[in-house]
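*Asks:* coordinates for the following, if possible.
(chains A, B, C, D and E, ligands or ions: 5)
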Amino acid sequence: MSEYLLQAKQISMVYGQQTVLQAVDLTIRAGEIVTLIGPNGAGKTTLVKAVLGLIEPSLGQIIRQPGLRIGYMPQRLHVDPSLPITVGRFLRLAHPSKAAIKEALAEVGTSHLLNNPLQSISGGELQRVLLARALLRDPQLLVLDEPVQGVDIAGQTELYQLIETLRERHQCGVLMVSHDLHLVMAQTDTVICLNQHVCCHGHPEHVSTDPAYLALFGEKYSQALAVYHHDHDHEHDIHGDVIPDESGNSPNHDHSQCGHNHHHGSHQHSNKHNEQKQDEQKGGQGHA
Amino acid sequence: MSEYLLQAKQISMVYGQQTVLQAVDLTIRAGEIVTLIGPNGAGKTTLVKAVLGLIEPSLGQIIRQPGLRIGYMPQRLHVDPSLPITVGRFLRLAHPSKAAIKEALAEVGTSHLLNNPLQSISGGELQRVLLARALLRDPQLLVLDEPVQGVDIAGQTELYQLIETLRERHQCGVLMVSHDLHLVMAQTDTVICLNQHVCCHGHPEHVSTDPAYLALFGEKYSQALAVYHHDHDHEHDIHGDVIPDESGNSPNHDHSQCGHNHHHGSHQHSNKHNEQKQDEQKGGQGHA
Amino acid sequence: SPAAQPAIKPKLLASIKPLQLIALDIAGDAAEVELLLAPNVSPHLYQLKPSDRQRLAHAELVIWVGPSMERFLAKPLSLLPSARVLTLLNESELDAEQDEDEHGHERNSSHSEHNHHGQDPHIWLSPAQAQHIAQQIAQRLSTLLPAQRPTFEQNLQSFTARLAALDAQLQQQFKALKAKPYMVLHDGYGHFEQHYGLRHAAVLSLSPDKKPGAKHLWALSEQLKQGSIACIFKEPQYQPALLRNLTQGLALKQQLLDPMAGHITLGAHGYSRFMADFGRRFISCVQ
Amino acid sequence: MPDFLWLGLSAGLIIAAIAGPLGSFVVWQRLAYFGDTLAHSALLGVALSLWLSINIQLGIIICCLGLAVLLVVLQRKPQLASDSLLGILSHGSLALGLVTIALIDDVRLDLNAYLFGDLLAVSQQDLYWIGGVALALALTLWRNWNSLLAITVHPELAQVEGLPVERLRLTLMLMIALLVAIAMKIIGVLLITALLIIPAAASRKFVTSPEQMAATAIAIGCGSVAGGLGLSLSLDTPAGPSIVVFAIGLFLVAGLANTALSSVKK
Amino acid sequence: MPDFLWLGLSAGLIIAAIAGPLGSFVVWQRLAYFGDTLAHSALLGVALSLWLSINIQLGIIICCLGLAVLLVVLQRKPQLASDSLLGILSHGSLALGLVTIALIDDVRLDLNAYLFGDLLAVSQQDLYWIGGVALALALTLWRNWNSLLAITVHPELAQVEGLPVERLRLTLMLMIALLVAIAMKIIGVLLITALLIIPAAASRKFVTSPEQMAATAIAIGCGSVAGGLGLSLSLDTPAGPSIVVFAIGLFLVAGLANTALSSVKK
Ligand SMILES: Nc1ncnc2c1ncn2[C@@H]1O[C@H](COP(=O)(O)OP(=O)(O)OP(=O)(O)O)[C@@H](O)[C@H]1O
Ligand SMILES: Nc1ncnc2c1ncn2[C@@H]1O[C@H](COP(=O)(O)OP(=O)(O)OP(=O)(O)O)[C@@H](O)[C@H]1O
Ligand SMILES: [Mg+2]
Ligand SMILES: [Mg+2]
Ligand SMILES: [Zn+2]
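*Replies:* Ligands and ions are numbered 1, 2, ... in the order given. Modelled structure (predicted):
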């Protein structure tokens, strides 16, 4: 197996009173796609920023291959309207060659935006342009925070396909945050299911049957999404029941850690859920 | 059939040289869910803002029911970090009652965020909070620009379910922008497929077999998304081929208009595609 | 009032040094005369310190020119009873004023708050004005210390006599010499010039706050190049860098003139010494 | 304690009390430059009053209010950040003022003098003026607090929810302009602009709600006025600058305290 | 035409040429207040030099550079917008300067003279100074242009891509501080701060790339210097304010032209 591009060890992050990350481990190898999944506020963006060195974790250590070239696509971008900059010029900040820029824009399907002001393009267009910028760095490691957020349905599949292609062509590692489990699962080598701590991790097929995963997302969502049904109560019943029922069918899965962590995770969940139940149940009734 | 809440007639919007909207009609009735779909940059957000009166369309007319109460959820929100404001206080700007605020937060599943600073919550959490604010207005018309963007998979289904519930309980009209065709289709009364002009509109089942719709999104995407496959060339072949082949199986579909519009739309598409093809095809080759 | 007790000398507070010099001559030993603003401090950015305010509050009499000169005093002094303030250049009778004679304005010269048309507040530079100032001070001192009225009248008389002699001497000297054309940096010598029948041939700017325009400077530089100006009076408070550009390469007499009497030592006959020095410098340059 | 201290202290406290909430809006809406811009436009006001022979105080107030209106109009096209707009207005009005003065023949005028009031020269009558204006502003603020906050957080949401965004923004600008225009002459331009920004900025780190920020800003402002006057008395320094220095000191202490607090939590 | 006009024109053009690109960064990074803040810190510099008996010009430069460093340090914690930070630094240094001066007994000092230069008073030697500094700044800008732009657009992206964000930001601030500190004494604080902001802001509407904006700002700046001097010659108004008024005129014309252009397109 190839060398580590990047290794994060026991990363913890605390904001004020709130623990956002707790002893998270993460390893990315060349040519490997690692996907972070997890509910909103799980700390995915925080972990990504720590890995990139943009924020200093409260505890833990990050080891990068020296001279690692990273292509990064942030979750949000806000450019001041007083700065006149076209999409093309924006990309030239990452790479001087115009040919390469056109190529990258073509790859993400936004060639026609080359001379548009960066501030005027639509939300989904911006996502594509950001991906183009990450590609231009000819990265050894591609870090993408919800790359297809706001991208139209045709573009989503295109972009995921593109990421797959890039991985194959350049043998670059990919760290990706995503909510689109169904689209992502097929291509990912390792899924890390995050909820402050690492709930479970491993190969998608294994993870999708992991009880910790099921507890977090409900069994239904791990299956085809075409079947649309949501049963709120059922989902949370699993929370409590499934924890002791840890079978050994996920080879990469660290039992002891997950046991501990998962207890914590389930505690968090039921916390939120209790709050919700204590309030007037105007909306809650709609769920059944 | 109930009265119109809001009617937009022949809305056109031009930015500089670029035509973003062209003679778009839109009608929303109480208790009806209208969904705008379309590729990135199709003008969905622009249309929504025009309908809300936030921007002045270049041409056309918008008629609202007098005293219409609108709940709006913008596509992006950026709050200056110098303003100390908690989620709870932010919601109190829309509604004075604390009980109502707790209820709304519970409805969108973010009760635990009540006292968190608005600037520190994660992307998906912010979306939920924005929806809570829209709900607090007890709206007659709910306008949502990509409401589940960045929301985790469990939340997405929850939120769509919630919108459905609200519509039933309050009989409010809903205008929604979305890329999640598979999730949205089931609940929508009218789908408007936008690409500068109205490509086609009508009941979801009809629209999903409409050739204009297929041309825009490709046949595959209208079916279950579990099957993941993308054939770029094929998609664009449909563009040219399908237009004359308009069968009468979509009752709400205005043939003449769509014929005209679609020609325009397809022109736009092939334009973009040509640009893409003229460039070096490093990425393009990956699509096949 | 503590001033009523003869043991304690009443305090006088002069806003600027020339006024202090005059007041010292009139008051003699009967009163203390303090100075508010050191002669080298620009009144533009000056903000009163608490100690200044204490001195204002404790002074039996505050002597100042008026709001067109020491604007920062206008407000604090308006809060004092008028009996304790001597305003030399009053601006209360204002507005519909017509400056009947811009330069020859007399004791109750007309002023307007919003419009200092040609008002040159440097009134102490004219011996005639100084004489009038001394009279006013004597009058107020006499009201303040009725018992010492004779002393003040005597001091005034000797002040007048000394000044008259000096004035006569200067008049004669100025008459005798045919003053060559000279230039001043700002139009602050009007009272002196008026009194001795002089007129500057050129001025850099109306006041230090008003920057001259390029047109004016161009004309000025032509004038200087043609050699029609013999002498330039400089000031310690106002040293415009512009002057360097205008006079570069020209052989011009330059003379330092301090209208604020910065270099005059405190003591007897201060004002006469100041005027004598002022006149000497003037003559040495324009002769 | 002499009268002038009491008068100055009262005026300072009143102004600090109203500058706290108004200053919070100044900080939130990135209008820190507004005070200085108003001071410069006041200079233009002086120059124009001289030219047109109208009352100077009136000229200053008109110019300040006019500037506020102009700013609101210019902010409609949001291509320029408000600080750039303010920079242009500030330099523009200062330069126009200077040129106007130069064009009026034969005016002798110390422009600075018109702008620098002095806290220790406040009269009884000034106090009534300041008090009246502060009361009016406080009432307007009180009645529009939520709406003003809503347009600060997100103007588009506020507009959809039916608030008259433009009118509210204008109200806010006019309130700030009025306060600065009146206070400038009485307590000095340095002091009023500083009292708007520094207390609000210093309080940011300790608060979690807009109301807390306004209240803390009031407290810090009043503390600075009292402390600064004490400083001025003991060191014999001018009152206005001493208050500002004291406020800066509080700001620094606040920063250090915050750092210390958060390191203790860890 | 007399020498001093040529000297002034040359100095003005050189400064406008370097202020164009630097001013664009000022506008993009919302630092419009920076120039005024530097002017105020220069006052502190004067006061401290007098107190410590060091060379005044040196004291001014040190204070300005120190302020730039302080700003970069304070901007690390982005809880306060940069305009509020600048406001605090501006009022703080002005007040500290005034207090320091009040504490030094009996100094002979016309503060204005230290701060207000005059374009028409530029000497040959000044010109060399200005030219040298402008050249050094232009070279630094040229070499770091792309990196500076990258940290302006999105600091986080720039950092991930391996740029030394903090060092670059410091470089930019020091460049602006140096230009203002040198130019303040020579051409006046009003003119240098205005030449930073107004041309850059006026050019915004016509351009689509950062380079175009810098170039257009240079053109507008140089045009304003030439036009303003012409104005000063014909109306006999002071040179600095006339240039600023001319620049404002260009800004307004630019706005109108833009409106007209876009309505023609429709
Ligand atoms: N600067 C900050 N100060 C305080 N809390 C913060 C800060 N940044 C993030 N948080 C908190 O940390 C938690 C994790 O945030 P993060 O953005 O990492 O979530 P996420 O997993 O990326 O969520 P999403 O899927 O919605 O993007 C959130 O609950 C948020 O409130
Ligand atoms: N202020 C503006 N100036 C110039 N062009 C603009 C402006 N706002 C939007 N546009 C252009 O109008 C087009 C439509 O934008 P809009 O935001 O309405 O798209 P959208 O359908 O919402 O896309 P998405 O799905 O990505 O959100 C885009 O191509 C964008 O470049
Ligand atoms: Mg995130
Ligand atoms: Mg959109
Ligand atoms: Zn004078």
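
*Asks:* D:Gln29 - nearest residue in space that isn't next to it in sequence?
*Replies:* D:Thr152 (6.0 Å; C-beta to C-beta, 6 or more residues apart in numbering or on different chains). Glycine gets a C-beta too; all of them are placed from N, C-alpha and C.

*Asks:* number of nearby residues for that neighbour?
*Replies:* D:Thr152 sits with 22 neighbouring residues when counted by other C-beta atoms under 10 Å in any protein chain shown.

*Asks:* got a list of what it touches?
*Replies:* B:83, D:25, D:28-29 (C-beta atoms under 8 Å, 6 or more residues apart in numbering or on different chains).

*Asks:* quick one: low-confidence parts of the chain?
*Replies:* In the absence of a named chain, chain A is used. A:1-2, A:181-183, A:185, A:208, A:213-288 (pLDDT under 70).

*Asks:* nope, chain D
*Replies:* Within chain D, the stretches with pLDDT under 70 are D:1, D:78, D:105-113, D:262-266.

*Asks:* in it, what residue lies closest to ligand 4?
*Replies:* Proximity of chain D to ligand 4 (C-beta to the ion) peaks at D:Glu156, 13.6 Å away.

*Asks:* tell me the helices and strands packed up against the helix or strand harbouring that residue.
*Replies:* Using DSSP states H and E, D:Glu156 sits within helix D:155-160. Counting contacts by 3 or more C-beta pairs under 8 Å, 6 or more residues apart in numbering or on different chains; DSSP states H and E, helix D:155-160 packs against strand B:70-73, helix D:124-153, helix D:165-187.

*Asks:* neighbours around the closest residue to chain B within chain D, how many?
*Replies:* Residue nearest to chain B within chain D (C-beta to the nearest C-beta): D:Val160, separated by 4.2 Å. When neighbours are counted by other C-beta under 10 Å, D:Val160 registers 23.

*Asks:* which residues touch it?
*Replies:* So D:Val160 contacts B:52-54, B:70, B:72, B:143 (C-beta under 8 Å, 6+ apart).

*Asks:* over to D:Gly227?
*Replies:* Neighbours of D:Gly227 in contact, by C-beta under 8 Å, 6+ apart: D:243, D:246, D:250.

*Asks:* tilt between the strand or helix carrying it and helix D:124-153?
*Replies:* Assigned by DSSP H and E, D:Gly227 belongs to helix D:210-235. Orientation check (axes from the mean of the first three to the mean of the last three C-alpha atoms, to 10 degrees): helix D:210-235 against helix D:124-153 gives 140 degrees.

*Asks:* list the buried residues for helix D:210-235?
*Replies:* Under the neighbour-count criterion of 16 or more other C-beta atoms under 10 Å in any protein chain shown, helix D:210-235 has D:210, D:213-229, D:231-233 buried.

*Asks:* so for C:Ile8, which of the helices and strands packed on helix D:155-160 sits nearest?
*Replies:* helix D:124-153 (30.1 Å; C-beta to C-beta).

*Asks:* and which of the contacts of D:Gly227 is nearest chain C?
*Replies:* Using C-beta to the nearest C-beta, the contacts of D:Gly227 come closest to chain C at D:Ile243, 11.6 Å.

*Asks:* chain B contacts on chain D?
*Replies:* D:27-28, D:30, D:146, D:149-150, D:152-154, D:156-157, D:159-161, D:204, D:207-210, D:212-213 (C-beta under 8 Å from any C-beta of the partner chain).

*Asks:* for the most centrally placed residue in chain A, grab phi and psi.
*Replies:* In chain A, the C-alpha nearest the mean C-alpha coordinate belongs to A:Val177, at 0.9 Å (C-alpha atoms, centre = their mean). Backbone torsions of A:Val177, given as degrees, to the nearest 10, read phi -100, psi 140.

*Asks:* cool, and A:Asp145?
*Replies:* The phi/psi pair for A:Asp145 (degrees, to the nearest 10) is phi -100, psi 100.

*Asks:* the nearest residue to it once chain neighbours are set aside: neighbour count?
*Replies:* In space, and not counting its chain neighbours, A:Asp145 is closest to A:Gln75: 4.1 Å by C-beta to C-beta, 6+ apart. A count of neighbours around A:Gln75, defined by other C-beta under 10 Å, yields 20.
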